[in-house]
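In: starting from these lines, generate the structure:
(one chain, ligands or ions: 3)
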Amino acid sequence: MGSTIYYFSATGNSLTIARQIAKGLENCKIQSMAAETPHEPVGGPDNPIGFVFPVFYIGLPRLVKRFAQKLNIRKGTYCFAFINFGGYGGDTLGMLDDILKEKGVYLSYAAGVRMPGNSIVRYQASASHVVQKLIKNSMDKANEAAGAIANGKLQPVKRNATLLSKMANRGLYKGISEWDEKFEVAGECTGCGLCAKVCPVSNIKMEKRRPVWQHHCERCLACIQWCPCEAIEYGKKTIGRRRYRNPDIDAEDIIKGRTQGI
Ligand SMILES: Cc1cc2nc3c(=O)[nH]c(=O)nc-3n(C[C@H](O)[C@H](O)[C@H](O)COP(=O)(O)O)c2cc1C
Ligand code: SF4
Ligand code: SF4
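Out: Ligands and ions are numbered 1, 2, ... in the order given. Below you'll find the predicted structure:
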């Protein structure tokens with residue numbers, strides 16, 4: 001018996017939740033969805049699999065959608081998902097459930113929690129006492145979820161705002177390839193290359209010790225948030241805005257996850 005959690009995390013919130021749930025499960029591996037999708041079938045009656053990831057645009061991050069669509073899951077697998085979001089999760093769990101149902105499985109346990117928002121193109125990071133409070137609450141919820149999952153509890157998806165989520169997710173992802181053209185790098189850049197390393201889809205190349213975006217961005221904002229010099233801006237919108245990174249996660253954790261299980 002052993003379980004696997006597949007996670008996606010740009011700024012660490014989902015990774016810290018995945019780790020917390022894994023602690024409560026027997027023999028649980030954690031695998032990044034930014035690494036290669038397993039070719040072999042996964043799961044089975046004694047091998048639950050889980051998905052932990054953020055909500056993007058009231059729905060599934062594209063990377064998560066692609067990963068779930070590709071994943072080959074054995075029939076009879078207990079599947080679970082635990083999402084996190086800055087304010088509103090819409091029908092994200094339902095969207096994942098639909099993908100799984102096409103494979104003959106479904107989410108036996110579905111839950112979500114509010115975490116600090118990281119969408120710096122819209123707002124700056126919350127103050128640290130607010131961040132701490134949200135993280136503490138989400139760790140409690142993750143423990144609760146781990147206990148339920150370990151006992152095979154059934155908590156299926158409650159569908160919610162299905163049409164709104166579908167339309168918003170599709171609409172807001174429009175123009176994705178040109179989106180990264182607004183990234184700018186200021187003089188403070190030291191050429192350390194961290195932005196390129198944390199990018200989940202290798203969308204940044206270092207040229208003459210400066211990042212250059214390659215126009216296949218997922219909009220996860222990891223690059224701008226993890227830059228140690230705050231040298232990256234998204235047009236004028238992000239100037240002076242406080243950055244967000246989960247305080248319990250390092251850039252190395254994000255980088256390591258792309259190439260190996262944690
Ligand atoms: C592109 C993008 C879109 C987002 N859309 C939503 C959203 O629709 N609703 C919401 O509540 N939070 C939204 N967020 C906030 C994230 O879901 C939230 O901060 C999450 O905890 C980040 O997880 P991570 O640290 O694992 O990357 C969005 C963040 C990004 C980067
Ligand atoms: S992470 Fe920041 S300082 Fe390092 S190369 Fe990228 S932009 Fe420059
Ligand atoms: S370029 Fe930046 S925002 Fe785009 S996918 Fe990579 S890390 Fe995320």
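In: need the pLDDT of residue 36.
Out: Predicted confidence (pLDDT) for residue 36: 88.
In: secondary structure class for it?
Out: In terms of secondary structure, residue 36 is coil; the call rests on DSSP: H, G, I helix; E, B strand; the rest coil.
In: state the phi and psi torsions of it.
Out: phi -70, psi 140 (degrees, to the nearest 10).
In: residues near it, how many?
Out: Other residues near residue 36 number 12, with proximity taken as other C-beta atoms under 10 Å. (Glycine included, C-beta is placed from N, CA and C.)
In: do residue 173 as well
Out: Per other C-beta under 10 Å, the neighbour tally for residue 173 reads 18.
In: does it touch residue 58 like I think?
Out: No - contact criterion C-beta atoms under 8 Å: residue 173 and residue 58 do not qualify, at 10.9 Å.
In: which one is residue 253 nearest to, not counting chain neighbours?
Out: If the residues on either side of it in the chain are set aside, residue 253 comes closest to residue 15, at 6.1 Å by C-beta to C-beta, 6 or more residues apart in numbering.
In: state the pLDDT value of residue 157.
Out: Looking at residue 157, its pLDDT stands at 98.
In: now do the helix or strand bottoming out on mean pLDDT in the chain: distance to the chain's middle.
Out: The helix or strand of the chain with the lowest confidence, counting by mean pLDDT, DSSP states H and E, is helix 176-179 at a mean of 78. Distance of helix 176-179 from the chain centroid (C-alpha atoms, centre = their mean, to the nearest Å) equals 19 Å.
In: what comes up buried for it?
Out: When neighbours are counted by 16 or more other C-beta atoms under 10 Å, the buried residues of helix 176-179 are found to be residue 179.
In: ditto for stretch 75-94
Out: Applying a neighbour-count criterion of 16+ other C-beta under 10 Å, the buried positions in stretch 75-94 are 77-86, 89-94.
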